[in-house]
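Undergrad: Sequence below, structure please.
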Amino acid sequence: MKANKTLYVLLTMVLGLMLSFLAHAIIEIKFIISMVRSGLVPVNYSAFGHGNCFLPSALQVGLLALGLIGGFFLGQYWWKMVYVQKKHWWQKKKK
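TA: Residues are numbered from 1 along each chain as shown. Modelled structure (predicted):
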């Protein structure tokens, strides 16, 4: 059962990582548009030594960490709800 929980949490962390990439893209697009509309020239930053990104390095690393840490805690919470407390979305609430 321990291996199942580990896999469940790891996959939820992957989900969190993918959502952080999506958030990164949306924030970066909005940032570039606002910079261009302001008449400013966006500057390339590189948090990991390669690639082009217009967001500051601290924000890049923060979004990555937020996705992984958020995924970890979400996986722990969902595991508890589904497998420990046996609460499922298709079950009606008892009054």
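
Undergrad: what about stretch 45-63, start to end distance?
TA: 15 Å (CA to CA, to the nearest Å).

Undergrad: what mean pLDDT does stretch 17-25 have?
TA: For stretch 17-25, the mean per-residue pLDDT is 96.

Undergrad: just the helices in this structure please.
TA: 2-37, 57-79 (DSSP state H).

Undergrad: Pull out the buried positions in the longest one.
TA: So that's helix 2-37. Across helix 2-37, burial judged by 16 or more other CB atoms under 10 Å covers Tyr8, Val9, Thr12, Met13, Gly16, Leu17, Leu19, Ser20, His24, Glu28, Phe31. Every C-beta, even on glycine, is put in place using the N, C-alpha and C of the backbone.

Undergrad: Just confirm the second one contacts Ile69, I think it does.
TA: The one in question is Val9. No - Val9 lies out of contact with Ile69 (CB atoms under 8 Å); the separation is 11.8 Å.

Undergrad: Next, the contact list for Leu59, please.
TA: Ile27 (CB atoms under 8 Å, 6 or more residues apart in numbering).

Undergrad: Need the helices of the chain in a markdown table (columns: distance to Asn44).
TA: Below are the helices of the chain laid out as a markdown table (distance: least, CB to CB, whole Å):
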| stretch | distance to Asn44 |
| --- | --- |
| helix 2-37 | 11 |
| helix 57-79 | 11 |
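
Undergrad: nearest to His50, of the ones you listed?
TA: With CB to CB, the closest approach to His50 among the helices of the chain belongs to helix 57-79: 12.3 Å.

Undergrad: quick one: average confidence on that closest one?
TA: The model assigns helix 57-79 a mean pLDDT of 94.

Undergrad: Around the closest residue to Leu11 other than its chain neighbours, how many other residues sit close by?
TA: Leaving aside its chain neighbours, Leu11 sits nearest to Gly75 (7.5 Å; criterion: CB to CB, 6 or more residues apart in numbering). The local packing of Gly75 (other CB atoms under 10 Å) involves 22 other residues.
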